[in-house]
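Asker: I'd like to go over a predicted model; first the sequence, then the structure.
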Amino acid sequence: MKVSTKGRYALRLMADLAEHGKGSFVPLREISTRQDISMKYLEQIVNQLSRAGLLQSIRGAQGGYRLVRPPAEYTAGEILRAAEGGLEPIACLTSDCPRGSDCLTQKFWAGLSNAIDAYVDSVTLEALLQGHHSK
């Protein structure tokens, strides 16, 4: 499994909001500057995250984005899935594989997928912030 730039940037965006938002709306331009990510790319990402119900937005001079829940209630897995569409290491785990019942390796790939899910779902935004601040 390879996480795309969109997934990595989504996680950085959400961590930035957790660190700098503190419940208030943060302008996308500020996040863009801090994270060195283009506004155009961030706009695509916030649209996906907003549609997934992870962000709240407000327009206007005092507008921006904020988390809808406390950082401890978001997992890296939830954010990555919203940005990536899924985290399965191979496509046949999410579609009807013609070799499904005969595949000798399907159980291996399912186990890997479960291990990935367990890890990314065990890490919260709060834990990412604590890990960063303890450096």
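Answerer: That came in fine, so what should we check first?
Asker: list the contacts of residue 28.
Answerer: Residues in contact with residue 28 (CB atoms under 8 Å, 6 or more residues apart in numbering) are 39, 42-43, 46, 64-65. Just so you know, the C-beta spots here come from the backbone N, C-alpha and C atoms, and that holds for glycine as well.
Asker: what residue is smack in the middle of the chain?
Answerer: residue 79 (2.3 Å; CA atoms, centre = their mean).
Asker: any idea how far residue 44 is from that one?
Answerer: Applying CB to CB, to the nearest Å, the value for residue 79 to residue 44 is 15 Å.
Asker: hang on, the earlier thing: pick the one among the contacts of residue 28 closest to residue 129.
Answerer: residue 65 (17.0 Å; CB to CB).
Asker: surely that closest one touches residue 56?
Answerer: Yes - using CB atoms under 8 Å, residue 65 is in contact with residue 56, at 7.0 Å.
Asker: and the residue in the chain sticking out farthest from the centre, which of the three is it?
Answerer: Farthest-out residue of the chain from its mean C-alpha position, per CA atoms, centre = their mean: residue 102, at 34.0 Å. When classified by DSSP: H, G, I helix; E, B strand; the rest coil, residue 102 comes out as coil.
Asker: tell me the confidence at it?
Answerer: Residue-level confidence at residue 102 comes out at 82, pLDDT.
Asker: run through the residues that contact it.
Answerer: With CB under 8 Å, 6+ apart, residue 102 has no contacts at all.
Asker: equivalent analysis for residue 31, please.
Answerer: By CB under 8 Å, 6+ apart, the residues touching residue 31 are 13, 16-17, 20, 37, 42, 65.
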